[in-house]
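# this one's sequence-less:
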């Protein structure tokens, strides 16, 4: 299946990728990574992106997250064509609408759990006390209230990844992009973190693309896409 259909025409698509093509040049050799990707996501729709290493999953996430420009095709975010947006516009759109979760949490080691969650909100201009209140709410949702004033080095891997999820959701993004979000965790802990991630994203009305090699987790999402030979199947 190359494209998931928009079942409710009255809703604005959170993300629409239309005929996205992307390649890299290595010397005289052109490597086509994406060969015409079509994808539509709506609010609370969580999809898995699987495929072999090197198939282009991270590239697709980078394009959807406005970190790179596709060579061809259109990207629509919350109903707006942003294919030709300049760097400042793309930065503003990422800040307002997109959250990222990576395999390794990338928390700032000198900041507490609370401060790490507050940071993207403060960057976005939210008042300090409002950001603090929102961060405390997320800590409570993720059962981490007791860790609010702990540094990352004082927490387990699963706790650190939950903080990273809270940070990604702090600005209530329309779209969450996760690249192997539980890949560095023990399978049991990873499954627990995955449950929390899915529940919290849905409660906030976010759409999400989760790139993963874990097929057991992928089958629990709304839809699974395989990226192979530059195409979604």
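Structure's in. What do you need? Treat the numbers as computed from the prediction; the structure is a model and nothing was measured.

# gap between the longest helix along the chain and the chain center?
The helix that spans the most residues within the chain, counting by DSSP state H, is helix 187-203. Computed by CA atoms, centre = their mean, to the nearest Å, the chain-centroid distance of helix 187-203 equals 13 Å.

# which is the next helix or strand following that helix?
Note on helix 187-203: by DSSP states H and E, the next helix or strand toward the C-terminus is strand 207-211.

# got the angle between that following strand and helix 187-203?
Strand 207-211 runs at 160 degrees relative to helix 187-203, counting by axes from the mean of the first three to the mean of the last three CA atoms, to 10 degrees.

# helices and strands around strand 207-211, which ones?
strand 29-41, strand 46-50, helix 57-64, strand 175-179 (3 or more CB pairs under 8 Å, 6 or more residues apart in numbering; DSSP states H and E). To be clear about C-beta, it is placed using only N, CA and C from the backbone, and glycine gets the same treatment.

# buried deepest among these, which one?
Across the helices and strands packed on strand 207-211, averaging neighbours per residue (mean count of other CB atoms under 10 Å) puts strand 175-179 on top, at a mean of 25.

# angle of that strand against strand 46-50?
30 degrees.

# strand 175-179 pairs with which strands?
strand 98-101 (parallel), strand 207-211 (parallel) (DSSP bridges).

# let me know which of those is tucked in deepest.
Greatest burial across the strands paired with strand 175-179, using mean count of other CB under 10 Å, falls to strand 207-211, with a mean of 25.

# show me the contact partners of that strand.
The contact list for strand 207-211, computed with CB atoms under 8 Å, 6 or more residues apart in numbering, reads 14-15, 41-50, 57-58, 60-61, 64, 174-181, 197, 201, 217-218, 221.

# quick check, central residue of the protein?
residue 177 (1.3 Å; CA atoms, centre = their mean).

# any idea how far that one is from residue 148?
Per CB to CB, to the nearest Å, residue 177 is found 26 Å from residue 148.

# average pLDDT across stretch 56-75?
When pLDDT is averaged along stretch 56-75, the result is 93.

# what's the end-to-end length of it?
End-to-end distance of stretch 56-75: 17 Å, with CA to CA, to the nearest Å as the criterion.

# from here on, call the first residue 516.
In the new numbering, first residue 516, that becomes stretch 571-590.

# who's in contact with that stretch?
530-538, 548-549, 551-552, 564-566, 592, 596-598, 600, 605, 608-609, 613, 615, 690, 692, 694, 724, 726, 742, 745.
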